[in-house]
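Enquirer: following is a predicted model, sequence given first.
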Amino acid sequence: MYLNLFYGFIFLTGVFFLLEYRYNIGKAAKLSKNARYPASPDEFSGILIPNEWKEMQPLSIHSKSFLKVKWGTVAALLFSVLLLVISLTSDQFDNAFLSVAYLFFVIVESIQHPGNLYIVDKGIILNGRYVPAYQITSYRTEKIVRWHTYYGLDARVDNGFILKFSVKRSWFKNNFVVIESLSQLEAITAMLDEYGITGVHKEEQQKTAPANG
């Protein structure tokens with residue numbers, strides 16, 4: 001009995017995640033219409049999204065990626081409920097549930113929207129979720145030069161700049177993007193500074209670090 005309740009709790013947690021993600025990306029799509037940055041095609045193209053390092057695409061309720069999330073969430077919920085019922089009525093409950101859990105997380109991964117970054121009123125949109133400025137503890141910039149972890153992964157990433165966010169109570173897997181040019185990075189960080197978000201720039205950090213000995 002307790003094992004059944006535990007498995008049920010895991011399932012309901014997954015369902016909550018799907019519904020919350022669907023709500024957040026819908027809210028983000030509406031807010032992005034009045035974003036301060038990016039606005040022009042050049043600004044969009046200068047933001048590269050890990051891990052495929054493709055140019056950022058506009059977040060719109062009419063885009064294919066958004067519709068994939070919208071209807072994919074419905075399909076995932078229906079399919080997952082069906083699998084849970086099968087596992088609960090199966091003689092091999094433990095093994096069946098492991099298969100259900102695996103398929104459920106595969107479905108969740110498959111319907112996620114491509115990453116994005118918008119500067120909006122009083123906050124940002126990061127990976128399809130609106131984050132108010134007060135929830136952002138800091139941002140960090142770092143140039144991608146030779147010997148850097150990401151150097152060599154893509155020609156456009158080389159000599160670009162990582163812009164990474166530290167967010168309170170966040171489950172973001174990728175909380176960063178790559179900004180292709182210094183002028184774009186400065187435009188973005190100027191807006192973040194307006195919101196009172198603390199910025200840490202790696203080169204400055206190295207200069208102010210105490211010398212050994």
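Expert: In hand now; what should we look at?

Enquirer: low-confidence ranges in this structure?
Expert: For the chain, the stretches with pLDDT under 70 are 1-8, 10, 83-84, 86-88, 90-113, 170-174, 203-213.

Enquirer: could you point out the longest helix in it?
Expert: Ranked by residue count and defined by DSSP state H, the top helix of the chain is helix 2-31.

Enquirer: contacts for the helix or strand just after it?
Expert: For helix 2-31, the succeeding helix or strand toward the C-terminus, using DSSP states H and E, is helix 41-45. For helix 41-45, contacts defined as Cβ atoms under 8 Å, 6 or more residues apart in numbering pick out 37-38, 55-58, 180, 184. For glycine as for every other residue, the C-beta is placed from the backbone atoms N, C-alpha and C.

Enquirer: what's the closest of those to residue 121?
Expert: Within the set of the contacts of helix 41-45, residue 37 lies nearest residue 121; the separation is 11.6 Å, counting by Cβ to Cβ.

Enquirer: can you say which helix or strand has the nearest residue to the closest one once chain neighbours are set aside in it?
Expert: Take residue 37 and drop its neighbours on the chain: the residue closest to it by Cβ to Cβ, 6 or more residues apart in numbering is residue 119, 4.2 Å away. Mapping residue 119 onto the secondary structure by DSSP H and E places it in strand 117-120.

Enquirer: which other helices and strands does the next helix-or-strand element following that strand contact?
Expert: Taking DSSP H and E as the definition, the helix or strand that follows strand 117-120 towards the C-terminus is strand 123-126. Judged by 3 or more Cβ pairs under 8 Å, 6 or more residues apart in numbering; DSSP states H and E, the packing partners of strand 123-126 are strand 117-120, strand 129-132, strand 161-167.
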